[in-house]
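>>> using only what follows, build the 3D model:
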Amino acid sequence: MTLRTRLTAWYAGVFLIAGIALVGLNYWLLADWTPLEGGVAARAIPAETMEVYGRYPALEAAQLPADTLVFTADQVKANTMETVLWQSIIALLVAAVIAVWLGWVVAGRVLAPLHSITSTAHRLEAERLDQRIELDGPPDELKELADTFDGMLDRLASSFDSQKRFVANASHELRTPLAVQRTLIEVALAAPDANDDMRRLGTHLLDTNERSEKLIDGLLLLARSDRGLATRELVWLDEVIDDEIESCAALASEKKVTFAVRTRRYLVDGDPVLLAQLVGNLLRNAVLYNEPGGSVSVELDRELVVTNTGPTVPAQAVPGLFEPFRRLRDRTGTAGSGLGLSIVQSVARAHQGAAKARPNGGGGLVVQVNLPETGVRQPS
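Numbers count the residues shown, from 1 in each chain. All right, here's what the predicted structure looks like:
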């Protein structure tokens, strides 16, 4: 039951209680009423008789015409009280219907600012904190609530912006020394006097440097997707999948992993670079965390589903895989940085979608990504 319905019920209930109390009070006062003593004639009295005896002539029964009905005082009182009671009940019911309608209208007007606050809250996301209520009106409780909500949004927006700027700036600053280190290592390895020990050390350092660069790139991408989409364009997701599968072909061949692809035309309104990163991370994860001779199934119908074979994944460990730098214990030996599924989830959220995963029955993982599909279709 909505708040408006409850308020209307309260208004109607209070009105009914007050109306019943009023009817009861009138009925109680009427019970003390005493009609004229004697009897009452229920027949029109001639004007000349009224002039002789006054407005309420007192006549003996023998003086009345033969077709005149005479009621006793008790009968008049009982009839009057019954008539008043039924008329009051009918009037109360009619007024109650009007009170319910008026209560519904008044409740709607009272709750209109709350609807504005709720609609603003629905439009808000971590990357879209620019919405404000800015409620106009007298300085009442609802205006105070809206102003407090706007102040809280200002503080949250400032905090999110500071955090994102820090991550982006730190990532950019770290890329420069890594690029310098990689260049120095490559120059050292290319030197004619480099011995085998130096070459092994240089190869190890290059591998470490590459891991660090991938980590920095992942952090940059994560910070970018968390900020939301600055621009949008129509992207065919099935074509993105085909391109990313082709780019993963060499890695799949090295790991002896095969792809099984089944897609349909699927149009998404979003960022093509971020969508490519989402699909690429899913495919690379599915290949890296697989077993020799394993397979990767890619299906795109109502949603994107990527399934791989490989080691058994405990169900309780699946939610943690979407957290940054969280990997299974037996996955730490891979070349991943622990940001793959975090980036997938962040990009999906930036596109008003969602990502979830579950263990595959025979080992491996099933990742499902739901991205809103536009209503546009390619002409057949």
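
>>> ok, and what's touching stretch 10-20?
92, 95-96, 99-100, 102-103, 106-107 (CB atoms under 8 Å, 6 or more residues apart in numbering). Any C-beta I mention is one placed from the backbone N, CA and C, and that applies to glycine too.

>>> what about 10 Å?
88-89, 91-93, 95-104, 106-107 (CB atoms under 10 Å, 6 or more residues apart in numbering).

>>> alpha carbons only: can I get stretch 352-370 in CSV?
Once non-C-alpha atoms are left out, stretch 352-370 reads as follows in CSV (Å, rounded to 0.1, in the frame of the first residue of the first chain):
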residue,chain,number,x,y,z
GLN,A,352,22.9,0.6,-17.4
GLY,A,353,23.5,-3.1,-17.5
ALA,A,354,24.7,-5.8,-15.0
ALA,A,355,27.2,-8.6,-14.9
LYS,A,356,26.9,-11.8,-12.8
ALA,A,357,28.7,-15.2,-12.8
ARG,A,358,28.1,-18.7,-11.6
PRO,A,359,30.2,-21.9,-11.5
ASN,A,360,30.1,-24.1,-14.6
GLY,A,361,28.8,-27.6,-13.8
GLY,A,362,31.9,-29.4,-15.3
GLY,A,363,34.4,-26.8,-14.1
GLY,A,364,35.1,-23.3,-15.1
LEU,A,365,32.9,-20.2,-15.0
VAL,A,366,29.7,-18.9,-16.6
VAL,A,367,29.6,-15.1,-16.9
GLN,A,368,26.4,-13.4,-18.0
VAL,A,369,26.4,-9.7,-19.0
ASN,A,370,23.0,-8.0,-19.6
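
>>> quick one: the helices in the protein?
In the chain, helices defined by DSSP state H lie at 3-31, 47-53, 73-123, 141-190, 196-226, 237-247, 249-255, 272-288, 340-350, listed in chain order.

>>> deepest of the ones you listed, which one?
Mean neighbour count (mean count of other CB atoms under 10 Å) peaks for helix 340-350 among these, with a mean of 24.

>>> residues in contact with the nearest residue to L321 once chain neighbours are set aside?
In this structure, L321 finds its nearest non-sequential neighbour in L341, 5.1 Å apart by CB to CB, 6 or more residues apart in numbering. Neighbouring residues of L341 by CB under 10 Å, 6+ apart: 281-282, 285, 318, 320-324, 326-327, 355, 357, 365, 367.

>>> ok, now T231?
For T231, the contact set (CB under 10 Å, 6+ apart) comprises 270-271.

>>> can you rerun that using 8 Å?
D271.

>>> what's the answer for the one 4 residues further on, then?
The neighbours of V235, taking CB under 8 Å, 6+ apart as the test, are 267-272, 275.

>>> can you check N308 too?
Applying CB under 8 Å, 6+ apart, the residues near N308 are 257, 285-287, 289-290, 294-297, 360, 364-365.

>>> wait, A107 touches T2, no?
No: with contact defined as CB atoms under 8 Å, A107 does not count as touching T2 (9.4 Å).

>>> thought A252 was touching V287?
Yes: here A252 lies in contact with V287, judged by CB under 8 Å, at a distance of 5.2 Å.

>>> shared neighbours, those two?
V296.

>>> which residues does L365 contact?
286, 289, 307-308, 310, 313, 318, 321, 357-359.

>>> quick one: which of the residues you listed is most hemmed in?
Of all the contacts of L365, A286 has the most neighbours under the rule other CB atoms under 10 Å, reaching 28 neighbours.

>>> which residues touch it?
Counting by CB under 8 Å, 6+ apart, the residues that A286 touches are 257, 296, 306-308, 364-365, 367.

>>> how much space separates the residue nearest the centre of the chain from H115?
Residue closest to the average C-alpha location in the chain (CA atoms, centre = their mean): H122, at 6.0 Å. Shown here: H122 relative to H115, a distance of 11 Å by CB to CB, to the nearest Å.

>>> cool, and Q316?
41 Å.

>>> one more: A21?
From A21 to H115 the distance is 34 Å (CB to CB).

>>> same thing with A179?
53 Å.

>>> of all the helices of the chain, which one is nearest L135?
The closest of these to L135 is helix 141-190. By CB to CB, the value is 3.6 Å.

>>> and the contacts of L365, which is closest to L219?
Using CB to CB, these come closest to L219 at L321, 17.6 Å.

>>> distance of the closest one relative to D32?
82 Å.

>>> lowest-confidence stretch among the helices of the chain?
Sorting the helices of the chain by mean pLDDT places helix 47-53 lowest, at a mean of 48.

>>> related to what we said a few turns ago, what is the most widely separated pair among the contacts of A286?
V257 and V367 (15.6 Å).

>>> now the nearest residue to V296 once chain neighbours are set aside: how far from V367?
Counting by CB to CB, 6+ apart, A286 is the residue found nearest to V296 once chain neighbours are left out, at 4.3 Å. For A286, the distance to V367 equals 8 Å [CB to CB].

>>> just P272 next, same as before
20 Å.

>>> ditto for I117
36 Å.

>>> which residues touch V187?
No contacts exist for V187 under CB under 8 Å, 6+ apart.

>>> 10 Å - rerun?
194, 202 are the contacts of V187 under CB under 10 Å, 6+ apart.

>>> if we can go back for a sec, for R302, which of the helices of the chain is the nearest?
helix 237-247 (12.1 Å).
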